[in-house]
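Trainee: Take a look and give me a structure for this.
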Amino acid sequence: MENISCKAELLDAIQLLEEEQAINLKVMREDFHQAYESLKPANLIRNTIKNITTSPYLSDNLLSAGIGLAAGYVSKKAVFSGSSNVFKRFFGSILQFGVTNIIAQNPETVKSFTEYISLHIFKKEE
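Mentor: Have a look, this model is predicted:
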């Protein structure tokens, strides 16, 4: 800022600073209102759900984990169904855990395997 030498320049500088202060106050109020709105619980929940539903990585992981859990449960029931033996139930749980982890960690392999089976078993006869 340059040196002010007369009363008119001083008044102009004061008016300019007051206008700048009014603009800054308006911007600060808008920012405060926006922050206040974003911190409301309903908006936090809505934004979180929107982020979850739009994330392809998360939905793929949930799908893989769900398929893995289902496959592990089915494999346990298929091998050790209705057993009252403690050791068989224990090994059934280990089998379920193993199958669940393998399928959940290798979703592309499972997908390609199911595509292969569907092409060869369910192919149309010509």
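
Trainee: Let me see the domain layout of the chain.
Mentor: For the chain, automatic domain parsing gives the domain ranges 1-54, 56-121.

Trainee: Any idea which of these has the lowest pLDDT on average?
Mentor: Of all the domains of the chain, the minimum mean pLDDT falls on domain 56-121 (a mean of 81).

Trainee: where does that domain sit relative to the chain's centre, distance-wise?
Mentor: Relative to its chain's centre, domain 56-121 lies at 24 Å (Cα atoms, centre = their mean, to the nearest Å).

Trainee: Just the terminal-to-terminal distance for that domain.
Mentor: Using Cα to Cα, to the nearest Å, one end of domain 56-121 lies 30 Å from the other.

Trainee: returning to that earlier point: return the most buried member of the domains of the chain.
Mentor: Most buried of the domains of the chain by mean neighbour count (mean count of other Cβ atoms under 10 Å) is domain 56-121; its value is a mean of 13. Using the backbone N, CA and C atoms, a C-beta is placed for each residue, glycine as well.

Trainee: For the closest residue to I4 other than its chain neighbours, I want the exact helix or strand it lies within.
Mentor: Spatially, and ignoring its direct neighbours in sequence, I4 is nearest to L10 (5.0 Å; Cβ to Cβ, 6 or more residues apart in numbering). Take DSSP states H and E as the rule and L10 turns out to sit in helix 7-38.
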